[in-house]
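>>> After the sequence you'll find the predicted model.
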Amino acid sequence: MTKTERTYTISQLAREFEVTPRALRFYEDKGLLTPRRDGMNRVYSHRDRAKLQLILRGKRVGLSLIEIKEILDLYKVDQRAQAQTALKKYQARIVALETQREDIDAAIETLTDSIAKLERFLAKPATSAAMANARAFEQEAKKRLEEAH
């Protein structure tokens, strides 16, 4: 590393990426970040900053920390292999997210249909028998509350 290379403190990176210093230390413990030390202080390089961007992007799209570490570790070995691995993992995430979106869309449709049916039901006036049942239920509930006290 050259003397003129930009470095960052843990506080600077935490603030910039809106994460906690604890999160940065956690990524370090997991071997995802490897800041250099200056006494007790962590000194992050431009490369550490770029890794953090990749970590957060990977997390945002649902990659596990193991998958993220695999991608980061490949950089040292072979950038092309890293790109191929990342490509496969990203494609797999798209498939998984599309499936989730279909499930979510189906759930929304089911809920929307149920709401419409319930609103139609509740828009009809209640029958006298239903009103009598409701009053009887209310009286029974009051009686039980009074007995409990």
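Yep, it's here.
>>> so where do the strands sit in this structure?
With DSSP state E as the criterion, the chain has strands at 7-8, 36-38, 41-45.
>>> the helices in the chain, which residues?
10-17, 21-29, 46-60, 65-77, 79-123, 128-148 (DSSP state H).
>>> Dump those to JSON lines, plus mean neighbour count and distance to residue 38.
C-betas here are computed from N, CA, C, even on glycine. Formatted as JSON lines, the helices of the chain follow (neighbours: other Cβ atoms under 10 Å; distance: least, Cβ to Cβ, whole Å):
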{"stretch": "helix 10-17", "mean neighbour count": "15", "distance to residue 38": "12"}
{"stretch": "helix 21-29", "mean neighbour count": "16", "distance to residue 38": "15"}
{"stretch": "helix 46-60", "mean neighbour count": "16", "distance to residue 38": "14"}
{"stretch": "helix 65-77", "mean neighbour count": "15", "distance to residue 38": "23"}
{"stretch": "helix 79-123", "mean neighbour count": "11", "distance to residue 38": "29"}
{"stretch": "helix 128-148", "mean neighbour count": "10", "distance to residue 38": "67"}
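>>> Of all those helices, which one is nearest residue 39?
helix 10-17 (13.2 Å; Cβ to Cβ).
>>> Can you list phi and psi of the closest residue to residue 69 other than its chain neighbours for me?
Of all residues not flanking residue 69 in the chain, residue 32 sits nearest, at 5.7 Å (Cβ to Cβ, 6 or more residues apart in numbering). For residue 32, the backbone dihedrals (degrees, to the nearest 10) come out as phi -80, psi -30.
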